[in-house]
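Q: sharing a sequence plus its predicted fold:
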Amino acid sequence: MIPVIGLIIGVIVGIALEPGLPSFLQPYLPIAIVAAMDAMFGGLRAFLDGVFTDRVFVVSFVSNVLIAALIVWVGDRIGVGSQLSTAVVVVLGIRIFTNAAAIRRALFHA
């Protein structure tokens, strides 16, 4: 129940404050969101498998976001940022769909 309350409070604060994002961080936001989604789907899968650990989830969440942003940043520095962004999205997308399939199997036994 606490996570749901935190989510509701976060959405309300976000809507009320309308925070901005510095322009130099804008190219990294979509990659960070996809990396965060990968960690969330992985956490849900682990929960349904009965092996969820909050420490592993937090480390996975933070490290996924930082590593994905770092890969894109390095790509920007060497002039291939869009190609590395695409690669990160493809790899994380595959992981998200793999976790979604496992979640579906766990929930619907199909």
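A: That came through, no problem.

Q: alpha carbons only for contacts and neighbour counts from here, please
A: Will do.

Q: most centrally placed residue in the chain?
A: Against the mean C-alpha coordinate of the chain, by CA atoms, centre = their mean, the closest residue is residue 36 at 1.2 Å.

Q: for that residue, give me its contacts.
A: 61, 62, 64, 65 (CA atoms under 8 Å, 6 or more residues apart in numbering).

Q: distance of it from residue 17?
A: The spacing between residue 36 and residue 17, counted by CA to CA, to the nearest Å, is 22 Å.

Q: checking residue 51 next. Helix, strand or coil?
A: Reducing the assignment to helix, strand or coil with DSSP: H, G, I helix; E, B strand; the rest coil, the entry for residue 51 is coil.

Q: now the helices for this structure?
A: Defined through DSSP state H, the helices belonging to the chain, from first to last, are 2-17, 29-49, 54-78, 81-108.

Q: rewinding a little: just the buried residues out of the contacts of residue 36, in PyMOL syntax.
A: A single PyMOL command is used to select the members of the contacts of residue 36 judged buried by 16 or more other CA atoms under 10 Å:
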select buried, resi 61+64+65
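
Q: closest one of the contacts of residue 36 to residue 44?
A: When the contacts of residue 36 are compared for distance to residue 44 (CA to CA), residue 61 wins out at 12.3 Å.

Q: let me see the contact set for the closest one.
A: Taking CA under 8 Å, 6+ apart as the criterion, residue 61 is in contact with 35, 36, 39, 40.

Q: and the pLDDT for it?
A: The score at residue 61 is 92. That number is its pLDDT.

Q: coming back round to it: so which of the helices of the chain gets nearest residue 23?
A: Proximity to residue 23, assessed across the helices of the chain by CA to CA, is greatest for helix 29-49 (10.4 Å).
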